Structure formats: structure tokens, C-alpha cells
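J.: predicted model and sequence follow; I will ask about them next.
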Amino acid sequence: MNSATKASSALQGASGPGDPSESLRLGISSCLLGQEVRFDGGHKRDRFLTDTLGQYVSWVPVCPEVEIGLGTPRPTIRLEETSEGVRLVMPSTGDDLTGTMREYSVDRVRRLEKHGLAGYVLKKDSPSCGMERVKVRDRNDVPARTGVGVYAAELLRLAPDLPVEEEGRLNDPRLRENFITRIFAYQRWLDLVGVGPTRRSLMEYHAAHKYVLMSRNQAGMRRLGKLLGEATKDAPVNRLAEEYQTGMTAVMRRVPTRKGHTNVLRHMAGYVSDLMDSDDRAELTEAIGQYHAGLLPLIVPITLLRHYVRKFDVETLQNQVYLWPHPHEMMLLNHV
């Protein structure tokens, strides 16, 4: 099997209608899995992560505070504003743990590369793992939510393309659906580059994710298509893949709006409209309109489109990830 065929097979195998990849691995703050590693000896088990998402992924747990040698239970640590910038401090002893945590974090993130992570879920508000709005105490001990956990900062810096979220933000249905779409799309990307990208496989990946990208940013989707379409024959494929990945990450970080979804739904409806009778066409048009008005969840027009794509064997849309972005059993499209 040549490299082009291998890459094509990886894309097809990972992007079937909602089928999860068996190799999907996510990093996670250990306490979110129920591990008793918090400063008070407790945990922060998240039922969605353990009971729902956990059916489709393998977790790679990390607790930075335990792994740098702090016990459980342990004195609290926090971020403090000092003359040397924001530092990670243990108030009860005055110990500055910033250097230790940063050195550990760089090493730990690099060691995680061997797992081929498709995403990461961090613990909100943590001085080590919080990705945003972590409390930083000023010299008068007044807190401001302006910080980023030391470990989280290094993770975001060293793995800029990795989908990362906090468990608290995942309580928002739109952010949850966006994150899950991103991790499955990223796993498909890892599968593709794992067998060696080719021009053909890059074009196939882009074609399959066209409407996922369009729902987030139509101009960004077009730029990525232009990047691939205008690449010269002698352009290094690996360099082209890197440029595509950077652009794709920027687009996928954007949470799609109801307007963006409606635009995609109407585009896709155009492929089946002429094949439908007047009643079915009116039903689909009404469902899209009611979704746009906030009267129906996204799953309703998506389900109708899936039906007609199968009924009329619309090849152009059969492999569109937008219609099957993640396992339907998760029911994520029922709430956006």
C-alpha cells in the first residue's frame, strides 16, 4: 500500500458517520476522574467526563502538584503578583514553587507527546491547571481573575494546536459540542499525519471537514482550501501540512453561531432540494428556519439532511463530517 492510499484509508476509517477512533486519548487533570489528589485529599469527579465522554476516549491523568512532590493532603498554593511577576507560592511556608513547576511542566508536556493526545481537559481555577481567570493575589491580598495556571500555560505554549478546555466551561452546551467536535477532528488529523500526509490526503481531509470549518468561519475555510489548491508541485508536503494545521486550529477554536450553522444547512440543502418533492422541501426549509429562530435544536435539521443524503445517495455530502461530527449517542446536537 503506497503512502497516498494509507493516508486515504486513515481518513476514511476515522471519519465515518460518528464512529469514534479507538486510539482517541485525552489528557486530564486527575481529580476530574475522581482521584483523591486535591489539596484537601478530595476529588472533583466530573460525571460527563467519566460516564459519557469516558465511553469513547482513554484518559491520561496528570496532577502536576502531586507529581512535583507535594503530598495529599497538602497546604494550599496560589498565584501571587510580585515584583518579579506572577509567582506560584505556598503561603504557609513562603516557598516559591514557580521554577519547579515550570521545569516539571515543560518536561511533562513533552513526555505526553508519546501518547498522541487528541485533546486535554483541565481543572478550572487551579493555580497549576486553570487555563483562564485563575485568581492572582496582589500585594494587598486582593484577588483578581487574571491568571493562568503554571502547568496550563506551558501546555498551551508547547501544544498550541491541541484542543484544550476546562471542565467548568464544558457545562455550556455550545462549548461542549465544539470541544468534542474538535477532538474528533484532531484525531482524524493525527491519523492522517501518522501515516504520512500527501497532497491527496490533505485535500480529502479538507473536503470532508469543509462544512465543519464553514460553520465557524467561511473565509477561514476558503483560505485553507486556497492554501492547498495553489500549492506548487515542488512545495514540501510536510510544510504544507504544518501550515494547514495552524490555519485549521485558528478556525476550529471559534465556536459556531446559530447564523453560521444556518448558512451551512442552507448550503447543504441546496444539494438535495431539487431531488425532493414540494412537501419534503417545505419541511426541510421550515426546520432550518425554526432552528435559525431558536425554536428547534440543531439535531432536527441535521437529522432531516442525513435522511435525504442517504435516500438520494448524494455522494457530495455522504462523507461530510458536519453531518456526523461525533457519536450520536452523546446527543450533543440536541442541546445547541
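T.: Received the coordinates, thanks. Quick caveat, the model's predicted, so the values are computed rather than measured. Numbering: from 1, shown residues only.

J.: ok, now which ones touch residue 123?
T.: By CB atoms under 8 Å, 6 or more residues apart in numbering, the contact list for residue 123 reads 29, 31, 32, 44, 129, 130, 166, 167. Every C-beta, even on glycine, is put in place using the N, C-alpha and C of the backbone.

J.: let's see it at 7 Å
T.: With contact set as CB atoms under 7 Å, 6 or more residues apart in numbering, residue 123 has these partners: 29, 31, 32, 44, 129, 130, 167.

J.: and the nearest residue to residue 175 once chain neighbours are set aside, how many neighbours?
T.: Leaving out its chain neighbours, the residue that sits closest to residue 175 by CB to CB, 6 or more residues apart in numbering is residue 169, at 5.0 Å. Using other CB atoms under 10 Å, residue 169 has 17 neighbouring residues.

J.: SS state for residue 136?
T.: The three-state assignment at residue 136 reads strand, by DSSP: H, G, I helix; E, B strand; the rest coil.

J.: ok, now how distant is it from residue 144?
T.: Relative to residue 144, residue 136 is positioned 6 Å away (CB to CB, to the nearest Å).

J.: counting neighbours, go ahead and name the busier of the two.
T.: A direct count of neighbours by other CB under 10 Å for residue 136 and residue 144 places residue 136 higher, at 19 against 13.

J.: now do the contacts for the more buried one.
T.: Contacts for residue 136 (CB under 7 Å, 6+ apart) come out as 79, 80, 81, 86, 143, 144, 146, 147.

J.: in strands, which of the residues you listed appear?
T.: Those of the contacts of residue 136 mapping onto strands are 79, 80, 81, 86, 143, 144, 146, 147, per DSSP state E.

J.: give the buried subset of the residues you listed as a PyMOL selection command.
T.: Burial among the ones in strands among the contacts of residue 136 is assessed by 16 or more other CB atoms under 10 Å; the matching PyMOL selection reads:
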select buried, resi 79+80+81+86+147
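
J.: could I get the ones in strands among the contacts of residue 136 as JSON lines with distance to residue 267 and pLDDT?
T.: JSON lines is the format used below for these (distance: CB to CB, whole Å; pLDDT from 0 to 100):
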{"residue": "79", "distance to residue 267": "46", "pLDDT": "98"}
{"residue": "80", "distance to residue 267": "51", "pLDDT": "97"}
{"residue": "81", "distance to residue 267": "49", "pLDDT": "96"}
{"residue": "86", "distance to residue 267": "46", "pLDDT": "97"}
{"residue": "143", "distance to residue 267": "47", "pLDDT": "96"}
{"residue": "144", "distance to residue 267": "44", "pLDDT": "97"}
{"residue": "146", "distance to residue 267": "41", "pLDDT": "97"}
{"residue": "147", "distance to residue 267": "42", "pLDDT": "97"}
